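Visitor: Model the following, please.
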Amino acid sequence: MRTLAVALLGGLLAAASALAQAPPAKAAPTKAPAYDAKAEVTITGVVEDLHESKLRTDHPGLHLIVKTEMEALEVHTCPVAFMKDLEFTVEKGETVTIVGSRPGGTGIVLAREIKKGQTSLSCRDKAGVPVWIR
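Guide: Predicted coordinates for the structure are as follows:
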């Protein structure tokens, strides 16, 4: 009986060791959240970082990291070409006000409107439909 218990324990330890050495499984790509007009919020903060996303599973376009008084949020805006056509730029260090959807209370906001100073850019209509595809 003792031999069986030792053998089972040895097998469990070997399996645990193999799992610990195995490369981590890749997470399946998650789909970006959809605009939810019922989850609309207004945030104001400073742009800490920005990057362009080209992933099909994400909202392609300019993403901003906006630091509010409470938290840092990732704001999905619109295609960079759309912003360039309208001569609207956003840079690190600028204070912006974003009106958009925060579906499920996540750390992602889908911008409907971006305001900086006296200038604003509409990215989506009130229902959340992107204006750049019309």
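Visitor: how close does residue 121 sit to residue 71?
Guide: Distance from residue 121 to residue 71, counting by CB to CB, to the nearest Å: 23 Å. The way it works is simple: take the backbone N, C-alpha and C, and place the C-beta from them, glycine included.
Visitor: which one of these two has more residues nearby?
Guide: residue 121 (19 against 10; other CB atoms under 10 Å).
Visitor: Just the element for that one, please.
Guide: When elements are assigned from DSSP states H and E, residue 121 belongs to strand 119-122.
Visitor: distance between that strand and the chain's centre?
Guide: 21 Å (CA atoms, centre = their mean, to the nearest Å).
Visitor: what's the answer for stretch 88-95, then?
Guide: 18 Å.
Visitor: Could I get the average pLDDT for that stretch?
Guide: Averaged across stretch 88-95, pLDDT comes to 96.
Visitor: contacts for that stretch?
Guide: 44-50, 62, 64, 77, 83, 96, 114, 116, 119, 121 (CB atoms under 8 Å, 6 or more residues apart in numbering).
Visitor: can you give me the end-to-end distance of it?
Guide: Stretch 88-95 has an end-to-end distance of 14 Å (criterion: CA to CA, to the nearest Å).
Visitor: Mind listing what's buried along it?
Guide: Across stretch 88-95, burial judged by 16 or more other CB atoms under 10 Å covers 88, 90.
Visitor: How about the strand holding residue 121, which residues are buried there?
Guide: residue 121.
Visitor: what's the answer for stretch 103-118, then?
Guide: 103, 108-114, 116.
Visitor: Would you format the residues you listed as TSV with pLDDT, secondary structure and distance to residue 54 included?
Guide: TSV is the format used below for the buried residues of stretch 103-118 (pLDDT from 0 to 100; DSSP: H, G, I helix; E, B strand; the rest coil; distance: CB to CB, whole Å):
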residue	pLDDT	secondary structure	distance to residue 54
103	90	helix	22
108	92	strand	17
109	95	strand	20
110	95	strand	17
111	97	strand	18
112	97	strand	22
113	98	strand	23
114	98	strand	20
116	96	strand	24
